[in-house]
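[1] give me coordinates for this.
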Amino acid sequence: MEVFRKYFSESQLKDLEESGPNWGVNVHTVGHHVHPPQRAYPDPEHPSTHVFQWEKGRRLQEFQMVYIAGGRGIYEGDGLEPVAIGAGTLMMHFPEVWHRYKPSPETGWEEFWVGFDGHFAEYLMGQDCFDPQKPLISIGFNAEFLNIFLRLIDTVKYEGVAFRQISSCLVIQMLGLVYASALMHGKTKLRQEQIIQAVRFKIHENWERNLDFEAIAAEQNVSYEWFRKTFKDVLGTSPGQYLLQLKIEKTGQMLRETSLTIAEIADKAGFESEFYFSRIFKKKMGKTPSAFRKNVP
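    Predicted structure coming up:
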């Protein structure tokens, strides 16, 4: 997956506020970054409103969710002792609450983030499970949460029709999933579910590639036969069909929300040719990509 970051300026946020309803959630920043080992953190591309020095920490003017998808590091908050964090940890930052965090120099980490505010955001973040004194929530490899996060990044990246309203709804969906995860905290998942969730994350993160599922099974220390059967038992479809359906969903989104040509979309989704993409898309959706795009409201 390509790294991406977007920080809206004050003038952009003002223009967005005048563009229609936002469902009570204003998205200020969204992104994905892989921070390599042995590299200073944060990197220089952070704007002054979000960058911080470890010695001083920072206080944000907005709410922020930061999800660690890989690697490990350390977190420290207002009144909280330093604590080690790793993959599957969600950091919930509140306005004006001091905090600081950084990846381990040995591992680096992969992070997703979204910053937001708004009257409905304040209501949601005021629920019992969201506590400034308990900013760390372990959600593990939650494929549904990550899928929505990746959808949010794509929505902001392409800035298609009503992207601000769609972004607001996606943040609301993520907060709902985090709330549910917090309620389920402490319940143990079966080993097979942990494996499938981890693989689902890898699929959603690398949907534009043609993945080697035998190699992925080996990474999880299971046989390909066991992995394929368990994947289908849990999700009702094979890994290959799951990936293909995800490609179709993503390309449908690009057809609806961007001006990319069909050839460009086919290439971005990892199809070998525009002709092959069009044939598969028609088989799955009942109409060609061009016809699908023409019928978008």
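[2] please count neighbours and contacts with C-alpha atoms only from this point.
    Noted.
[3] just say helix, strand or coil for the closest residue to E257 other than its chain neighbours.
    Distances taken as CA to CA, 6 or more residues apart in numbering place G160 nearest to E257, at 4.4 Å, with adjacent residues excluded. With DSSP: H, G, I helix; E, B strand; the rest coil as the basis, G160 sits in coil.
[4] give me the neighbour count for G160.
    G160 has 17 neighbouring residues, counting by other CA atoms under 10 Å.
[5] what's the answer for T89, then?
    Neighbours of T89 (other CA under 10 Å): 20.
[6] ok, it touching Y67?
    Yes. Applying CA atoms under 8 Å, one finds T89 in contact with Y67, separated by 6.0 Å.
[7] between the two, which contacts overlap?
    Common contacts of T89 and Y67 (CA atoms under 8 Å, 6 or more residues apart in numbering): none found.
[8] host element of K283?
    Assigned by DSSP states H and E, K283 falls within helix 274-285.
[9] how about that helix: buried residues?
    For helix 274-285, the neighbour count (16 or more other CA atoms under 10 Å) marks 274, 277-278, 280-282 as buried.
[10] which of those residues lies closest to H33?
    F277 (29.1 Å; CA to CA).
[11] how far away is that closest one from L243?
    14 Å (CA to CA, to the nearest Å).
[12] biggest strand in this structure by residues?
    Counting residues, the longest strand in the chain under DSSP state E turns out to be strand 63-77.
[13] what lines up beside that one in the sheet?
    With DSSP bridges as the test, strand 63-77 is paired with strand 83-86 (antiparallel), strand 89-93 (antiparallel), strand 99-103 (antiparallel), strand 109-117 (antiparallel).
[14] and that strand, what's buried?
    63-73, 75-77.
[15] repeat that for stretch 38-53.
    41-42, 51-52.
[16] and L150, what helix or strand is that in?
    helix 143-158.
[17] now that helix and strand 63-77, what's the angle there?
    120 degrees (axes from the mean of the first three to the mean of the last three CA atoms, to 10 degrees).
[18] roughly how far is helix 143-158 from the heart of the chain?
    From the chain centre to the centre of helix 143-158 is a distance of 5 Å (CA atoms, centre = their mean, to the nearest Å).
[19] what do you get for stretch 193-203?
    Offset of stretch 193-203 from its chain centre (CA atoms, centre = their mean): 14 Å.
[20] give me the contacts around that stretch.
    With CA under 8 Å, 6+ apart as the criterion, stretch 193-203 contacts 141-143, 146-147, 211, 216, 220, 230-231, 234, 243.
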